[in-house]
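In: Please find the sequence and the predicted model below.
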Amino acid sequence: MTSNPHHSDPYHSGQWNLGRFVKTLSFFGAIPFLSSVDWFQQWFGSRPDPKVARTVMTAATERETRQGTEMILVAGAAGRVGQQVVQQLERSYAVQAVIETDLSQVSAGIESVTAGIYCADTAEWAREQTLKTWLQNLNLLNLAYQPIFNFAQPPADLEEIWGALDDVVMGGVSESGIQLKDGVAEFSGIVSTANSGGFASIRTRNFEPPLDLAEFDGIALRVKGDGNRYKFMLRTETRWDGIAYCYSFDTVANQWITVPIPFSALIPVFRAKTVSDRAFDPAQVTALQVMLSKFEYDGALNPRFAAGAFQLQLSSIRAYRPGVNSKFVLVIPQAEPSEPLEQLVQQSGIPYTIVRPTQLTETPGGQPLRVEQGSLTGQVSTADVAALCIAALEHSEARNVSLAVTTETNATENQCAVGDWACLFQAANAKLA
C-alpha cells in the first residue's frame, strides 16, 4: 500500500480520552506513585511495579555454549551432487547423509545439525512440500539468531510485557493494541491525525536488568504487514520520555518478510527529532517499541503512511550475530523449475545460499568457475558444485544470494584463482551491484 500522506483523514472524528491517557502512563510506570499501587493498577486490568524480568522471555540473551563438532546435514545424499558433497564434507566435518525424504528417519539426530545442504537434483527432493517440511523442522534459524520474543511460543503474561503507547499521550485519538492470533502477535488498530496526532505503537515495559546484546550485530524482525512503513525502536534509558534508537522499514502487503536492523543503522531520536552524539549501547537495552507514524524524522512525512485501520503481524524478534554465514544451501539445477523452492528458502528467515548449476558433468573438479546472480550456460562438474556449496557455508559473502554456476571457459575473464571462494563470491556480488 502506497498513499499520499497529505490526503484527508477519514478517521478525524473522536475526542481525546483521559482514561486511556492515565492508563498508558500508569502501565509504563510514568506515574511513579500510582504505578506501584495495587488497586490503581488492578483498576486498569494490570499489575503494579511495571518492570519486566528477563526470565519471562524466550531465553533472550542466554549465551549459547556449543559443544562438539559441527554437524552438516546433506539431504538428497544419493544424488549426483549429494554424493560429492558428502565425500568432500567428510574431510572436515561430521556429516549426516540423508537418502530418504521421510524426516522421521533422522529425527533422532536432527537437533545436533548446525547447517544443511539440500540437493534438489532428483525428482523426490525437488518437491515443494518436501523442502518445506525440512525447513520447518531443522533448527537452523536459532543457530543464526538468538530469540528475544518468539510469538509462536510466547510468555504466559504477554499482556503484562507489551502495551499500547499511542498519540493519546499528546492529545491524539489513535488507538492500537497487541494480541496473539494463530501463533503470531498482531499489532493493529486505528491511526488518526486528528488533534495533531498521527501515531500508534506498542512498547515493552522496561526490562530489569537490561538486555545485554553486546555480542550481536543487530535485530531481525519476522513480519507480515499491510504495505505501511513502520518503525522499530530500542531504548537504553529507563526514563519514560527518553532517547529512542529508530529504524524505519517498509512492509509488503500480506507477505512475510525478514527485516534485518543493524545496530549501526539506528538513528537516535528524541520526540521524532534526531539528536547527535548519542551512540547506541547494545549492552543496555531497556525496552523495545514498534510504531506506525505519520512522521519520519525532523518533520519529514512518512511516504507510506495512510490514516485508518492498520495491521502488522510479528512472528519473532531476534538478535543476530556478527558475520553469520549461510546455514542452508539449496542446490537445484538451472534447467529445473526453481522459483517455488527458492521462495520457500528466501522466506524462511534462515541465512541461505541458492546454487543453480548449469548442465552437470562427472568431469574432475578443480576447474575455474564462473558465478553470477543471474542465468548462465555451459557445463559444470558435480565435484566443483559440491565444493562451491561447502564454501558457501564458510564465507559470509555467499549469505542470502542466489548464484548460477558454470565452468569458466574464457580464461581472460576469470580473475579468481581456483579455490579462492571469497574472491568468487565478492565478484558475483559486485556484478549485481
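Out: Received, thanks.
In: pLDDT weak spots in the chain?
Out: 1-14, 16-69, 104-111, 139, 141-142, 323, 411-414, 431-433 (pLDDT under 70).
In: Show me the longest strand that occurs in it.
Out: strand 308-320 (DSSP state E).
In: Would you indicate which residues of that one are buried?
Out: Within strand 308-320, the residues that count as buried by 16 or more other Cβ atoms under 10 Å are F310, Q311, L312, Q313, L314, S315, S316, I317, R318, A319, Y320. The way it works is simple: take the backbone N, C-alpha and C, and place the C-beta from them, glycine included.
In: ditto for stretch 214-223
Out: In terms of neighbour count (16+ other Cβ under 10 Å), stretch 214-223 has its buried residues at F216, D217, G218, I219, A220, L221, R222, V223.
In: Among the residues you listed, which one sits closest to P282?
Out: Taking Cβ to Cβ as the measure, P282 lies nearest F216 of the buried residues of stretch 214-223, at 6.6 Å.
In: Am I right that that closest one falls within a strand?
Out: No: secondary structure of F216 (DSSP: H, G, I helix; E, B strand; the rest coil): coil, not part of a strand.
In: what's the distance between the residue nearest to it when sequence neighbours are not counted and L234?
Out: With Cβ to Cβ, 6 or more residues apart in numbering as the criterion, F216 has its nearest non-adjacent residue at 4.0 Å, and that residue is A319. As judged by Cβ to Cβ, to the nearest Å, A319 and L234 stand 11 Å apart.
In: same deal with D298?
Out: 19 Å.
In: Looking at these two, which is more packed in?
Out: Neighbours per residue, other Cβ atoms under 10 Å: of D298 and L234, the larger number sits with L234, 24 against 10.
In: From Q289, how far off is the more buried one?
Out: 8 Å.
In: same deal with T409?
Out: Separation of T409 from Q289 (Cβ to Cβ): 55 Å.
In: what's the answer for N325, then?
Out: Distance from N325 to Q289, by Cβ to Cβ: 31 Å.
In: Repeat that for T204.
Out: Separation of T204 from Q289 (Cβ to Cβ): 7 Å.
In: do the same with R278
Out: Using Cβ to Cβ, which is the criterion applied here, R278 is 17 Å from Q289.
In: Next: E208.
Out: Taking Cβ to Cβ, one finds E208 at 17 Å from Q289.
In: okay, these two: which has more neighbours?
Out: Q289 (18 against 12).
In: Run through who's touching the helix or strand that contains the more buried one.
Out: If you go by DSSP states H and E, Q289 is part of strand 287-293. By Cβ atoms under 8 Å, 6 or more residues apart in numbering, the residues outside strand 287-293 that reach it are 148, 165, 176, 187, 191, 198-207, 228, 230-235, 244, 272, 302, 305, 310, 312, 314, 317.
In: Helices - which of the residues you listed land there?
Out: Among the contacts of strand 287-293, DSSP state H puts none in helices.
In: What residue spans form the domains of the protein?
Out: 71-140+327-432, 150-320 (automatic domain parsing).
In: Ok, which of the ones you listed comes nearest Q15?
Out: domain 150-320 (6.9 Å).
In: can you give me how far that closest one is from the chain middle?
Out: Domain 150-320 has its C-alpha centroid displaced from the chain centroid by 14 Å (Cα atoms, centre = their mean, to the nearest Å).
In: on that earlier part again, export the domains of the chain to TSV and tack on distance to Q15?
Out: TSV is the format used below for the domains of the chain (distance: least, Cβ to Cβ, whole Å):
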stretch	distance to Q15
domain 71-140+327-432	42
domain 150-320	7
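In: Could you tell me the end-to-end distance of stretch 208-224?
Out: Terminal residues of stretch 208-224 are spaced 30 Å apart (Cα to Cα, to the nearest Å).
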